[in-house]
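A.B. asks: Sequence plus predicted model, see below.
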Number of protein chains: 2
Amino acid sequence: MVVAVNDGEPCLLTIGQADTLPSGPFALEHRSPQSGLRGWVEQQTGHPLGYIEQLYTFADRDRVGPQRQQRVISISYLALTRKEQATAAPSTCGWQSWYEYFPWEDHRSGSPPVGLDVLRARLIEWADGADDPARQRERRQRVAIAFGFDDRHWNEELTLQRYELLYEAGLVEEASDGKAAPPPAAVSGKAMVADHRRILATGVTRLRSKIKYRPVVFELMRPTFTLLQLQRTVEALAGRLIDKPNFRRLVEQQELVEETGDTSVDTGGRPAKLYRFRRAVLDERAFAGTKLPMSRA
Amino acid sequence: MVVAVNDGEPCLLTIGQADTLPSGPFALEHRSPQSGLRGWVEQQTGHPLGYIEQLYTFADRDRVGPQRQQRVISISYLALTRKEQATAAPSTCGWQSWYEYFPWEDHRSGSPPVGLDVLRARLIEWADGADDPARQRERRQRVAIAFGFDDRHWNEELTLQRYELLYEAGLVEEASDGKAAPPPAAVSGKAMVADHRRILATGVTRLRSKIKYRPVVFELMRPTFTLLQLQRTVEALAGRLIDKPNFRRLVEQQELVEETGDTSVDTGGRPAKLYRFRRAVLDERAFAGTKLPMSRA
DNA sequence: TCCCATTATATTCGATCTGACAATAAGGGG
DNA sequence: CCCCTTATTGTCAGATCGAATATAATGGGA
């Protein structure tokens, strides 16, 4: 799964009918699958992959086809890059906004995305269709948490849980069992081959979580950028709006960026200072998770 | 990597001369390696694995031996269980404190572990032995961050980084290149077969991070426990002390536990209330990472 | 030229959280 | 009944966070 953000849209590299993630067998000439992936993508996009991370390894029997008596092992990766370079890429691959596959995940407009109410209604329908009342309550609760019902807040990090719920409820095309038709693609999103959309959901979840404690966003930025551009990129990934002054405060007090001295020729209004990522922070600081109530030193 | 905590010691299941992690080839009769692992460990320990998580998949050429022209794929897992059940386990496997392999990681005594000063000295030596001054500074900084020099605080989540630094500096047995002898095992820890100690370091890092945002500790607890026992378990994993009142506040305000009504027949002092894990929280709440400066809803 | 729309940047404020520490409660043993 | 030990509760200052306000710099139009 190769991700880039341009013009405020989080995009993903696809092949085929925009329904397949780039993939291939390991070639033995590479030392690791990582380096194989890197070479392949750099050739395709003309841009180096700044960041690669393993997502998950699938080794289940019966994953590919129904009754193959052979185990296929697939290692999925998450990679970050930029797509600006208009390279003469083969027409077999292209960039797609990832919200085409998950329309319900884009909350940047301030209001819920179109179709989310439809999904909610059908999810409640599904929950109420459970066998016994206990299971009904349990389903309703899961749906309420994942999709932010009642007084609960929307949690952008639950992308995978949401996709799994929709799958379980038969509301995405991949899970259509013939019983009930899923909603139109504008609501339930574009389907992908095999379990590729699930891998995508895993990657989105991982990335939305990761940007909060490691400075990986900068892999998606141009060498210099304004703070608003940086914010828009984070918003694109998170799928929700961020408070501008607070975002600036956060970035500045962590000393993640430094001014270049230049200002941006922008789209109107006061010119914005240009910044660059301070790569030194990667050496200066350790970026780790959250905290625990510590004891006296 | 199978982890349990008993009597305040974080333990790990080993085979061989306590230098090998349990492992085996996938059997085709299992649907997934996960279920194969589960069955195998349950048979060995007599206790169900409460939690399994994939750690990392190694698929590099040359990982096993120097010049095998065959790719071996290893999927490593982290699993949590309890070891109380004195099962008639085969003598081939046993439990070892994980601090036997990482003595420098145990900061629960309040003071730095014995031997850490030796490692620090030799690490600085290694840093100063770099080719050019720039590389020297870079090494010193990495060492200072990972091992908490100067005014920097000890960060328990950097276990993997620390092990990798020690490896790079040739201070662990696995990395001995014949040049300089690593410190004695009491300082540099017990070595393991192949890269098993690196996998272990990965697992420790992951677990130390995970306990902070997901309630996985309870997989290591008995059905009922006192808050101090819970705290001691977390401390065992984190390798550092926790403030008691603050820990209690954290656990209670998140409603992770409920009183059983009983009190513990304890080792002296006021009896402690017994608690049990509220499994319902897993359904009630979503446990996700940290926060981002959000916008007005 | 001056005003205004637009966007950037700086500052403030109250609520909440966190680390640190003090105080009180409830047992057992001498 | 005193005292030791551990459990439990409470307090308090500083940091952090979400929210909102105030000021600055540009271009465009009256």
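C.D. replies: Nice, I can see it.

A.B. asks: and stretch A:212-220 with DNA strand C, contact?
C.D. replies: No: taking Cβ under 7 Å from any atom of the strand as the criterion, stretch A:212-220 and DNA strand C are apart, separated by no less than 14.1 Å. Just so you know, the C-beta spots here come from the backbone N, C-alpha and C atoms, and that holds for glycine as well.

A.B. asks: Is that stretch in proximity to DNA strand D?
C.D. replies: No: residues of stretch A:212-220 are not located near DNA strand D by Cβ under 7 Å from any atom of the strand, the shortest gap being 9.7 Å.

A.B. asks: Can you give the domain ranges for chain A?
C.D. replies: Per automatic domain parsing, the domain ranges recorded for chain A read A:2-100+A:194-210, A:110-184, A:223-284.

A.B. asks: Make JSON lines from those domains and add mean neighbour count, distance to DNA strand C and mean pLDDT to it.
C.D. replies: As requested, the domains of chain A are exported to JSON lines (neighbours: other Cβ atoms under 10 Å in any protein chain shown; distance: least, Cβ to the nearest atom of the strand, whole Å; pLDDT from 0 to 100):
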{"stretch": "domain A:2-100+A:194-210", "mean neighbour count": "17", "distance to DNA strand C": "13", "mean pLDDT": "82"}
{"stretch": "domain A:110-184", "mean neighbour count": "16", "distance to DNA strand C": "13", "mean pLDDT": "89"}
{"stretch": "domain A:223-284", "mean neighbour count": "15", "distance to DNA strand C": "2", "mean pLDDT": "92"}
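
A.B. asks: Tell me which of these lies nearest to B:Gly46.
C.D. replies: Comparing the domains of chain A by their distance to B:Gly46 (Cβ to Cβ), the top pick is domain A:2-100+A:194-210, with 26.3 Å.

A.B. asks: Straight-line length of the closest one, end to end?
C.D. replies: 15 Å (Cα to Cα, to the nearest Å).

A.B. asks: roughly how far is that domain from the heart of the chain?
C.D. replies: Centre-to-centre, domain A:2-100+A:194-210 and its host chain are 12 Å apart (Cα atoms, centre = their mean, to the nearest Å).

A.B. asks: sorry, back to before: looking at the domains of chain A, which is nearest to B:Ser23?
C.D. replies: Comparing those by Cβ to Cβ, domain A:2-100+A:194-210 comes nearest, at 14.1 Å.

A.B. asks: how about TSV for the domains of chain A, with distance to B:Ile52 added?
C.D. replies: Formatted as TSV, the domains of chain A follow (distance: least, Cβ to Cβ, whole Å):
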stretch	distance to B:Ile52
domain A:2-100+A:194-210	13
domain A:110-184	17
domain A:223-284	29
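
A.B. asks: nearest to B:Arg71, of those?
C.D. replies: domain A:2-100+A:194-210 (6.6 Å).

A.B. asks: Which stretches in chain A count as strands?
C.D. replies: Ranges of strands within chain A are A:2-6, A:9-15, A:51-58, A:74-80, A:93-97, A:224-225, A:257-263, A:273-277, based on DSSP state E.

A.B. asks: can you redo the ones you listed as TSV with distance to chain B?
C.D. replies: Output for the strands of chain A, formatted as TSV (distance: least, Cβ to the nearest Cβ, whole Å):
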stretch	distance to chain B
strand A:2-6	16
strand A:9-15	15
strand A:51-58	4
strand A:74-80	5
strand A:93-97	21
strand A:224-225	18
strand A:257-263	16
strand A:273-277	17
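
A.B. asks: out of these, nearest to B:Ala286?
C.D. replies: strand A:51-58 (19.6 Å).

A.B. asks: Who are the packing partners of the closest one?
C.D. replies: helix A:33-45, strand A:74-80, helix A:196-210, strand B:51-58 (3 or more Cβ pairs under 8 Å, 6 or more residues apart in numbering or on different chains; DSSP states H and E).

A.B. asks: Next one: the third one, is it in contact with chain B?
C.D. replies: Put plainly, it is helix A:196-210. Yes: Helix A:196-210 reaches chain B (Cβ under 8 Å from any Cβ of the partner chain) through A:Ser209.

A.B. asks: what bridges to A:Thr57?
C.D. replies: A:Ile75 (DSSP bridges).

A.B. asks: quick one: contacts for it?
C.D. replies: Contact criterion Cβ atoms under 8 Å, 6 or more residues apart in numbering or on different chains gives A:Ile73, A:Ser74, A:Ile75, A:Ser76, B:Gln54, B:Thr57, B:Ile75 as the residues in contact with A:Thr57.

A.B. asks: I'd guessed A:Ala201 sits against A:Leu158; true?
C.D. replies: No: between A:Ala201 and A:Leu158 there is no contact under Cβ atoms under 8 Å: 9.8 Å.

A.B. asks: With adjacent residues omitted, what lies nearest to A:Leu282?
C.D. replies: Using Cβ to Cβ, 6 or more residues apart in numbering or on different chains and skipping the chain neighbours, the partner closest in space to A:Leu282 is A:Pro215 (7.4 Å).

A.B. asks: give the contact list for that neighbour.
C.D. replies: Going by Cβ under 8 Å, 6+ apart, the list of residues near A:Pro215 reads A:Leu256, A:Phe277, A:Val281, A:Leu282, A:Phe287.

A.B. asks: Quick one, grab the pLDDT at it.
C.D. replies: With respect to pLDDT, A:Pro215 has a value of 93.

A.B. asks: where's it relative to B:Ala146, distance?
C.D. replies: A:Pro215 is 18 Å from B:Ala146, where distance means Cβ to Cβ, to the nearest Å.

A.B. asks: Can you name the residues that contact the residue most central in space within chain A?
C.D. replies: Centroid-nearest residue in chain A, with Cα atoms, centre = their mean: A:Val204, separated by 2.2 Å. Going by Cβ under 8 Å, 6+ apart, A:Val204 touches A:Trp98, A:Phe102, A:Glu105, A:Thr159, A:Leu160.

A.B. asks: Just list the residues touching the third one, thanks.
C.D. replies: It refers to A:Glu105. So A:Glu105 contacts A:Trp98, A:Tyr99, A:Pro113, A:Glu156, A:Thr159, A:Arg162, A:Val204, A:Gly239 (Cβ under 8 Å, 6+ apart).

A.B. asks: Just the ones of these in helices?
C.D. replies: If you go by DSSP state H, the contacts of A:Glu105 have A:Thr159, A:Arg162, A:Val204 in helices.

A.B. asks: Export those to a markdown table and append columns for distance to A:Pro184.
C.D. replies: Listed next are the ones in helices among the contacts of A:Glu105 as a markdown table, based on distance: Cβ to Cβ, whole Å:
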| residue | distance to A:Pro184 |
| --- | --- |
| A:Thr159 | 21 |
| A:Arg162 | 18 |
| A:Val204 | 22 |
